[in-house]
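**Q** kindly return the folded structure for what I paste below:
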Amino acid sequence: LVKTLEELAVYFGAERACSVSRELTKLFEENKRGTLQEVANYFKAKTVKGEIVVVVAGC
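**A** Numbers count the residues shown, from 1 in each chain. So this is what the prediction gives:
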């Protein structure tokens with residue numbers, strides 16, 4: 001996930017808005033919004049499992 005977000009930041013620009021949602025409709029649902037760089041930094045510090053949806057603004 002982090003590698004994908006970092007590659008998207010290179011392609012679209014680090015300031016592009018995005019949203020990452022994980023484990024939708026489940027007990028441990030998580031949503032993180034911000035710039036591609038902010039969200040990548042957030043998930044660098046976490047172990048991520050489960051289904052993930054990435055939405056990038058303007059795509």
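**Q** please count neighbours and contacts with C-alpha atoms only from this point.
**A** Will do.
**Q** which helix or which strand is home to the residue nearest to the spatial centre of the chain?
**A** Nearest to the mean C-alpha position of the chain, by C-alpha atoms, centre = their mean, lies V20 at 3.7 Å. Element membership of V20 [criterion: DSSP states H and E] is strand 17-22.
**Q** contact partners for the closest residue to E15 other than its chain neighbours?
**A** The shortest distance from E15 to any non-neighbouring residue, by C-alpha to C-alpha, 6 or more residues apart in numbering, is to T35 (5.1 Å). Residues near T35 by C-alpha atoms under 8 Å, 6 or more residues apart in numbering: 14-18.
**Q** thinking again about what came up before, which ones are touching the residue nearest to the centre of the chain?
**A** 31-33, 39, 52-55.
**Q** again, only this time at 7 Å
**A** 31-33, 52-55 (C-alpha atoms under 7 Å, 6 or more residues apart in numbering).
**Q** any stretches of the protein with poor pLDDT?
**A** Low-confidence segments of the chain (pLDDT under 70): 59.
**Q** that one: strands as residue ranges?
**A** 17-22, 30-35, 52-56 (DSSP state E).
**Q** just checking: what are the partner strands of the shortest one?
**A** Counting by DSSP bridges, the strands paired with strand 52-56 are strand 17-22 (antiparallel).
**Q** regarding the chain, what is its longest helix?
**A** The longest helix of the chain (DSSP state H) is helix 2-12.
**Q** in it, what's buried?
**A** For helix 2-12, the neighbour count (16 or more other C-alpha atoms under 10 Å) marks 2, 5-6, 8-9, 12 as buried.
**Q** equivalent analysis for stretch 30-41, please.
**A** Quick answer for stretch 30-41 (16+ other C-alpha under 10 Å): 35-40.
**Q** again, but for stretch 45-59
**A** V56.
**Q** who's in contact with the residue lying farthest from the centre of the chain?
**A** No residue in the chain sits farther from the centre than L27, which is 19.1 Å out by C-alpha atoms, centre = their mean. Neighbour list for L27: empty [criterion: C-alpha under 7 Å, 6+ apart].
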